[in-house]
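Undergrad: Here you go, sequence then predicted model.
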Amino acid sequence: MSIMLQAMLFEQYGPRLSMDQLAQVLGVSRGGLYNMVSAGNCPVRTYLDCGKRWADYRDVAEHLDVCRSTAN
């Protein structure tokens with residue numbers, strides 16, 4: 001996992017990303033992201049805390065690293 005990518009995400013978003021922030025990073029709409037979560041095919045693990053859904057910055061960085069490694 002890229003430490004630089006983790007540092008960049010942490011600096012910009014903090015330790016966890018809201019669904020709006022995650023949608024922005026993934027390049028999808030907020031509604032589309034919620035649909036992916038509901039269908040169980042969201043590429044990034046999310047969790048509920050105090051009634052809001054979040055994603056850990058490390059999971060987001062891991063997903064982006066996988067996308068980079070599988071790109072042609």
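TA: Arrived safely, thanks for sending. The model shown is predicted, which means the values in this text are computed figures rather than measured ones.

Undergrad: In this structure, mark out all the strands, start to finish.
TA: 16-18, 47-49, 52-56 (DSSP state E).

Undergrad: possible to save the ones you listed as JSON lines with mean pLDDT and mean neighbour count?
TA: In this view, the C-beta of every residue, glycine as well, is placed from N, C-alpha and C. Shown next, in JSON lines, are the strands of the chain (pLDDT from 0 to 100; neighbours: other CB atoms under 10 Å):
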{"stretch": "strand 16-18", "mean pLDDT": "98", "mean neighbour count": "20"}
{"stretch": "strand 47-49", "mean pLDDT": "97", "mean neighbour count": "9"}
{"stretch": "strand 52-56", "mean pLDDT": "97", "mean neighbour count": "17"}
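
Undergrad: Tell me which of those sits nearest to residue 3.
TA: In terms of CB to CB, the element of the strands of the chain nearest to residue 3 is strand 52-56, at 15.3 Å.

Undergrad: about what we covered before: next, format the strands of the chain as a markdown table and append distance to residue 8.
TA: Below are these laid out as a markdown table (distance: least, CB to CB, whole Å):
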| stretch | distance to residue 8 |
| --- | --- |
| strand 16-18 | 12 |
| strand 47-49 | 22 |
| strand 52-56 | 15 |
